[in-house]
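Student: Need the 3D shape of this:
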Amino acid sequence: MSRTLDHNSNPWVWSKCSRKHITNFLDKDFGYCLKQPSRRNNLEREKKKVSKYAGEFFDENEQCELVFGPGSSVCSYMPPCKRLWCSTPIGEEHGCKTQHMPWADGTACGDDMWCMRSECVKKSSGGRMAVDGEWGEWQSWSDCSRTCGGGIRKSVRECNNPTPANGGLYCTGDRLRYESCQTEDCHHGSDFRLEQCKAFDGNNFKMDDLPSWVQWVPKYSEIGEKDKCKLYCRVEYSSAYYLLASSVTDGTACGIDTFDMCVGGQCVPAGCDHVLGSSARLDRCGVCKGDSSTCLRESGSFNTSQYGYNFVVRIPAGASSIDIRQNGYFGRKKDDNYIAVRDVDTGEYLMNGGFILSMFKKSIQYGDVILDYTGSDTITERLNSTKPIRKDLVVEVLTVGALNPPDVTYTYLVSREKQVEYRWKTADRWSHCHRLCKGKKKSKPFCVKVEDGKESDADEHFCLYLPKPETVTKACNQHCRLEWVVTSKSNCSERCGAGQQRVRYKCIKILVDKTKAPVLTTYCRQELSPPVTVAKCEGTCEGIAWVFGSWSECSRTCGGGEQSRLARCQDKEGNVLKDEKCKRM
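Tutor: Just a heads-up that it's a prediction; the model follows:
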């Protein structure tokens, strides 16, 4: 479709491009105003009329006035039919102008002559016979748009048997037909709209404020009814969102909490069986087309006051008709107790986490379920949903301020079939005694799976966020004690006087009846202080003595003189020692 007219303009047929766009426009129901019923069947009236061409109703001068305004007339010196050249109201001597359109078919251009497709031809050559269009055969069905969860396939027929021509009427009725396919539920609980947004991961569409590694997630909330079948995606961990596609893939749910699905860019009613036009609905047990007899109601309450976040209940996957309430203390709006829920997979709070409250009404997406929350600024705080949840939901209560006791009640429906429950358990499972004698052993709580009344061990992941009992300890191996016993000592480092010697030990276990038994030294090292391995000692001085030399001559020949001799401290091998070693002798 061209935005301007030129000498190549062809006013008799739509271009292929224009036909495609106007057809898509109408297929997506954007021409809904055309569906308004008329008081008269103008189509039938048109069929009964004798076909006339526009030029038979409006001559060339009237055509000029329609294009350029009153007073305009055809230029007498320009050739007929090819282009409509018109003068101004003040006369053709001031020039002529055209919009490059030909004279209307049927405009007289001479005796027994008229214009046909920009050519002046004889009327006797015949006009164009109007041919009304008729529908061709339906084409084969397309592939299903989804592999599970309710897809759509379509079939097309064209108005080509014959194709309308020469002003003939177009076919009436549906050009497209749709039917449901692959209606079984997706066991992996996929989000089809999320998959379509994820296809754009890493594409920031050259927007400067978006990183090249941008991640996209669906935008569900605050989208108008007419835009639910457009692909709005939000930047992950941000509130910014953008329109990434004019329509989602056929079979995409119109929203989180509905089974209606998008078909051809329009939201079309569908049932819980994923079939277009179906009236099938979930019963109160969350079973499609059920009779509400397959479930039972679980309920409970919590009123223990303790500062911070307190566990209330872990609602199992598959539960429906969830209703959680916190009633204000003595009817107070602000009693310092608030409902909090968290995602069992990530541990993140969906609301009222981090001691930050959501005061006003909001809808919270949890998988493919919407949780409706009243906000904390109310006497009776409430969180509820109707559809079955696909994964466990952990419910807590935040208690702050005056520590008024909470008044939390909860109720939900679960299947009567075997229910799986996880909980912590403390049983007679004891660790090894941490010491060989006079030690302690522990019994840690462990996670169990309870199904049909039978318990089996489970990974601790399933018991996360559940209240966990304290680890129990008790004494063990009290019938004995450990002791270091000397096995040998080295010789004293000094033969005479104070020295050192090395001492060797062994570890023994002494029972209550005084029985002794050697054990690995590792046990004594774990339980007892390390013994002294270097001890003081006294040498016996055996074989050490003074050895004297000969006396010297007397210092005087008479009258009393002195004489001396050399004394050495010496061992029996003849080694000379320090005098201190012999002073004890």
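
Student: where does the stretch 151-300 of the chain have low pLDDT?
Tutor: 189 (pLDDT under 70).

Student: The same query, at a cut-off of 90, please.
Tutor: 164-174, 185-191, 208-209, 220-226, 236-239, 255-257, 265, 283-287, 292, 294 (pLDDT under 90).

Student: Let me see the ranges of the strands in it.
Tutor: 151-156, 176-181, 216-218, 231-235, 241-245, 261-263, 266-268, 295-302 (DSSP state E, counting those that start in this stretch).

Student: Name the residues that touch the second one?
Tutor: Which is strand 176-181. 27, 138, 141, 144-146, 150-156, 250, 263-264, 268, 270, 274-276 (C-beta atoms under 8 Å, 6 or more residues apart in numbering). From N, CA and C alone the C-beta is placed, and that goes for glycine too.

Student: Quick check: which of the strands of the stretch 151-300 of the chain is buried the most?
Tutor: Sort the strands of the stretch 151-300 of the chain by mean neighbour count, taking mean count of other C-beta atoms under 10 Å, and strand 261-263 sits at the top with a mean of 26.

Student: Run through who's touching that strand.
Tutor: Identification of contacts with strand 261-263 by C-beta under 8 Å, 6+ apart yields 150, 152, 178, 228-229, 247-254, 267-268, 270, 274, 276.

Student: hmm, try it at 6 Å
Tutor: 152, 178, 229, 248, 250, 251, 252, 253, 254, 270 (C-beta atoms under 6 Å, 6 or more residues apart in numbering).

Student: What of stretch 204-219?
Tutor: Outside stretch 204-219, the residues that touch it by C-beta under 6 Å, 6+ apart are 193, 194, 197, 200, 201, 232, 233, 234, 235, 236, 241.

Student: what comes up buried for stretch 87-94?
Tutor: 87, 88, 92 (16 or more other C-beta atoms under 10 Å).

Student: didn't the second one look like it was pressed against residue 95?
Tutor: No - applying C-beta atoms under 6 Å as the test, residue 88 and residue 95 come out as separate, 7.0 Å apart.

Student: mind listing the helices for the stretch 451-585 of the chain?
Tutor: In the stretch 451-585 of the chain, the segments counted as helices under DSSP state H, counting those that start in this stretch are 521-527.

Student: so where's it uncertain?
Tutor: Checking the stretch 451-585 of the chain against pLDDT under 90 turns up 451-456, 458-470, 489-499, 514, 522, 525-528, 530, 532-533, 537-585.

Student: Try it again at 80.
Tutor: 452-453, 495-497, 539-544, 559, 571-574, 577-585 (pLDDT under 80).

Student: repeat for the stretch 1-150 of the chain
Tutor: 1-16, 19, 24-52, 125-130.

Student: how about the helices of it, start to end?
Tutor: Under DSSP H, counting those that start in this stretch, the stretch 1-150 of the chain gives helices at 16-27, 42-48, 54-57, 60-68.

Student: Could you say which one of these comes nearest to residue 572?
Tutor: Across these, residue 572 has its closest neighbour in helix 16-27 (121.9 Å, C-beta to C-beta).

Student: how many degrees apart are the closest one and strand 151-156 in direction?
Tutor: Going by axes from the mean of the first three to the mean of the last three C-alpha atoms, to 10 degrees, helix 16-27 is angled at 130 degrees with respect to strand 151-156.

Student: what about residue 435, how many neighbours?
Tutor: By the measure other C-beta atoms under 10 Å, the count of residues near residue 435 is 15.

Student: is it fair to say it lies in a strand?
Tutor: No - under DSSP: H, G, I helix; E, B strand; the rest coil, residue 435 falls outside any strand and is assigned coil.

Student: got a list of what it touches?
Tutor: residue 527.

Student: any idea how far residue 279 lies from residue 268?
Tutor: Per C-beta to C-beta, to the nearest Å, residue 279 is found 13 Å from residue 268.

Student: gap between the closest residue to residue 28 other than its chain neighbours and residue 178?
Tutor: The shortest distance from residue 28 to any non-neighbouring residue, by C-beta to C-beta, 6 or more residues apart in numbering, is to residue 265 (4.0 Å). When distance is defined by C-beta to C-beta, residue 265 is 12 Å away from residue 178.

Student: again with residue 578
Tutor: For residue 578 relative to residue 178 (C-beta to C-beta), the value is 115 Å.

Student: Repeat that for residue 283.
Tutor: Taking C-beta to C-beta, one finds residue 283 at 27 Å from residue 178.

Student: Ok, residue 231 next?
Tutor: 19 Å.

Student: and what of residue 333?
Tutor: Separation of residue 333 from residue 178 (C-beta to C-beta): 51 Å.

Student: Kindly compare burial across the helices of the stretch 1-150 of the chain and name the winner.
Tutor: helix 60-68 (a mean of 18).

Student: How about residues contacting that helix?
Tutor: Outside helix 60-68, the residues touching it (C-beta under 6 Å, 6+ apart) are 72, 73, 74, 84, 86, 103, 104, 107.

Student: again, only using 8 Å
Tutor: 55, 58, 71-74, 80, 84, 86-88, 97, 99, 101, 103-104, 107-108.

Student: on that earlier part again, any chance of CSV for the strands of the stretch 151-300 of the chain, columns distance to residue 344?
Tutor: As requested, these are arranged in CSV below (distance: least, C-beta to C-beta, whole Å):
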stretch, distance to residue 344
strand 151-156, 30
strand 176-181, 33
strand 216-218, 19
strand 231-235, 23
strand 241-245, 27
strand 261-263, 28
strand 266-268, 31
strand 295-302, 17
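
Student: closest one to residue 450 among those?
Tutor: Closest among these, using C-beta to C-beta: strand 295-302, at 14.0 Å.

Student: Only C-alpha atoms, please: export the closest one in CSV.
Tutor: Output of strand 295-302 as CSV, limited to C-alpha atoms (Å, rounded to 0.1, in the frame of the first residue of the first chain):
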residue,chain,number,x,y,z
CYS,A,295,-11.0,-34.2,48.3
LEU,A,296,-11.2,-33.4,52.0
ARG,A,297,-10.7,-30.3,54.0
GLU,A,298,-7.6,-29.7,56.2
SER,A,299,-7.6,-26.9,58.7
GLY,A,300,-5.7,-25.7,61.7
SER,A,301,-4.7,-22.6,63.7
PHE,A,302,-1.6,-21.0,65.3
